[in-house]
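# Just to be clear, the model below is a prediction. Sequence and coordinates:
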Amino acid sequence: MKRIIVVALLGAVWFVVAAAVAWQVQASADSVRFPDNFADGVLYTTVTRGNLKEEIWTSRATIDAVKAGHPIPSGTVITLVDFRDGKLFRYVVMEKRAGWGGQYPPDRRNGEWEYQAFNADRTVNTAKNLDRCFACHKPRAAQDFVHTFEQMKTAN
């Protein structure tokens, strides 16, 4: 009888630990915070299309890793600063963390990336459908879901 109780207790402890670990690695758009220091990093590319200009920033460590042929490291934050007609319009941020993304089905998952959209005043844009981010980046799996991966390789 004691053996059954010990086995049951060990099973319960294992379940609680596994649930806690699983909960910690779950992420969502709410996990992505505005990167206040993004401009201390590297402006590695600018995209201009008509009246739209996008500046794309990341850290020196990320650029150096990609240039050295290493994977984009956990902790990477990529910030797109979106200007329309010369005025700041919004920010779109993607962040990679080990363990993130596991809650998504395979047809939606973008590795360990999460996305968030911010208004020009840096508040979360709650109207933005982040499913569009996942869908747009999904075909870029070979480039770690980053459209500007090649530009990282040639950044200063």
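Cool, got the structure.
# I figured Asn110 hits Ala135, correct?
No. Contact criterion C-beta atoms under 8 Å: Asn110 and Ala135 do not qualify, at 9.4 Å. C-beta coordinates here come from the backbone N, C-alpha and C atoms, glycine included.
# Please say which of these two ends up with more neighbours.
Using other C-beta atoms under 10 Å as the criterion, Asn110 and Ala135 rank with Asn110 on top: 23 against 13.
# Distance check, the nearest residue to that one once chain neighbours are set aside against Asp36.
With C-beta to C-beta, 6 or more residues apart in numbering as the criterion, Asn110 has its nearest non-adjacent residue at 4.4 Å, and that residue is Phe145. Applying C-beta to C-beta, to the nearest Å, the value for Phe145 to Asp36 is 24 Å.
# for Gly111, same thing?
In terms of C-beta to C-beta, Gly111 sits 25 Å off from Asp36.
# More neighbours: which of the two?
Higher neighbour count among Gly111 and Asp36: Gly111, with 16 against 8, using other C-beta under 10 Å.
# I'd assumed Gly99 was in contact with that one.
No. Applying C-beta under 8 Å as the test, Gly111 and Gly99 come out as separate, 11.0 Å apart.
# Where do the helices of this structure begin and end?
For the chain, the helices defined by DSSP state H cover 2-25, 60-67, 131-137, 149-153.
# if you skip the residues just before and after it, what's nearest to Tyr44?
Ala155 (3.6 Å).
# weakest of the helices of the chain in terms of mean pLDDT?
Among the helices of the chain, helix 2-25 carries the lowest mean pLDDT, at a mean of 44.
# quick one on the thing from earlier: let me see the confidence value for the residue nearest to Tyr44.
pLDDT recorded at Ala155 is 97.
# What are the buried residues along stretch 48-62?
Of the residues in stretch 48-62, 53-59, 62 count as buried by neighbour count, 16 or more other C-beta atoms under 10 Å.
# For it, list the C-alpha coordinates in PDB.
Extracted in PDB, the C-alpha atoms of stretch 48-62 (Å, rounded to 0.1, in the frame of the first residue of the first chain):
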ATOM      1  CA  THR A  48      11.300  51.600 -49.700                       C
ATOM      2  CA  ARG A  49       8.100  51.100 -51.800                       C
ATOM      3  CA  GLY A  50       6.400  54.200 -52.900                       C
ATOM      4  CA  ASN A  51       5.400  56.300 -49.900                       C
ATOM      5  CA  LEU A  52       6.300  53.400 -47.500                       C
ATOM      6  CA  LYS A  53       9.700  53.100 -45.900                       C
ATOM      7  CA  GLU A  54      10.700  50.300 -43.500                       C
ATOM      8  CA  GLU A  55      13.800  50.400 -41.400                       C
ATOM      9  CA  ILE A  56      14.800  47.000 -39.900                       C
ATOM     10  CA  TRP A  57      16.900  46.800 -36.800                       C
ATOM     11  CA  THR A  58      18.500  44.000 -34.800                       C
ATOM     12  CA  SER A  59      21.400  43.500 -32.400                       C
ATOM     13  CA  ARG A  60      25.100  43.400 -33.300                       C
ATOM     14  CA  ALA A  61      25.200  39.900 -31.800                       C
ATOM     15  CA  THR A  62      22.600  38.700 -34.200                       C
END
